[in-house]
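**Student:** Provided below are the primary sequence and the corresponding predicted coordinates.
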Amino acid sequence: MFEGLLYWHWIVFGFLLLILEMLAPGAIFMWFGVGALLVGGLLFLFPEMGWEWQVLVFAMISLASIFAWRTIRKNNPDDDTESGTLSQRGKSLVGRKTPLVEAIVNGVGRVQIDDTYWRVEGIDMEIDTLVVVTGSDGATLEVESA
C-alpha cells in the first residue's frame, strides 16, 4: 500500500491537512501538513527514498515542529494579560507625549492624539504645552507637563 507513494501524494496530503487546520480549532493539523509538504519535497529530490524513511521523516518533522511551536508560544505569548489595555484605548495611550490643543483651565483641557480629541485633566497649563499621558479614567486622560 505505501510502496506506491509518490511525492505528489505527500503534497496533496499536506495541503489537505492545511485545509483541515482552517476548519478545526488549534494549531495541530498545520504542523502535520508542513511535515507532509516537506516529505513531498524531499521525495521529489530523492525519489529512491523508501516508504519507511518517508513515514519516519514525516513523523520526526511533524513532532519536532509541534514541540518547537509550543515552546515558542509558551515563551512569547501574544496577548499580555497584565497590561489590561484590550478595549481600553485610554490606558493604551499612557506614556504618549502630545501638545495641548486647548489650554487646561480649572483642571480641564483637550489634546489631539492621532485622529481623536481627548478631554484631559491636570494642573492648569497654556495651549501648545507638551504633556505626557499618565493615566486614564474612561474617556478622560490624566496628563502632566512633559
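**Tutor:** Arrived safely, thanks for sending.
**Student:** can you give me the helices for the protein?
**Tutor:** Using DSSP state H, the helices found in the chain span residues 7-23, 29-45, 51-75, 89-92.
**Student:** Take those helices and write them to a markdown table, including distance to residue 131.
**Tutor:** Backbone N, C-alpha and C define where each C-beta goes, glycine included. Below are the helices of the chain laid out as a markdown table (distance: least, Cβ to Cβ, whole Å):
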| stretch | distance to residue 131 |
| --- | --- |
| helix 7-23 | 47 |
| helix 29-45 | 47 |
| helix 51-75 | 37 |
| helix 89-92 | 14 |
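**Student:** hey, which of those helices is tucked in deepest?
**Tutor:** Neighbour counts (mean count of other Cβ atoms under 10 Å) averaged over each of the helices of the chain peak at helix 29-45, with a mean of 20.
**Student:** and that one, average pLDDT?
**Tutor:** Averaged across helix 29-45, pLDDT comes to 95.
**Student:** residues in contact with that helix?
**Tutor:** For helix 29-45, contacts defined as Cβ atoms under 8 Å, 6 or more residues apart in numbering pick out 5-11, 13-18, 20-21, 49, 54, 57-59, 61-62, 65-66, 69.
**Student:** what's the angle between it and helix 7-23?
**Tutor:** Helix 29-45 and helix 7-23 are oriented at 170 degrees to each other (axes from the mean of the first three to the mean of the last three Cα atoms, to 10 degrees).
**Student:** CA atoms of helix 29-45 as CSV?
**Tutor:** Taking Å, rounded to 0.1, in the frame of the first residue of the first chain, the C-alpha atoms of helix 29-45 are listed here in CSV:
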residue,chain,number,x,y,z
PHE,A,29,-3.0,19.8,11.7
MET,A,30,-0.9,22.7,10.4
TRP,A,31,2.3,21.1,11.6
PHE,A,32,1.4,17.7,10.2
GLY,A,33,0.7,19.4,6.9
VAL,A,34,4.1,21.1,7.0
GLY,A,35,5.7,17.7,7.6
ALA,A,36,3.8,16.2,4.7
LEU,A,37,4.8,19.0,2.4
LEU,A,38,8.5,18.7,3.4
VAL,A,39,8.4,15.0,2.9
GLY,A,40,6.9,15.6,-0.6
GLY,A,41,9.7,18.0,-1.4
LEU,A,42,12.4,15.6,-0.1
LEU,A,43,10.8,12.7,-2.1
PHE,A,44,10.9,14.9,-5.2
LEU,A,45,14.6,15.5,-4.7
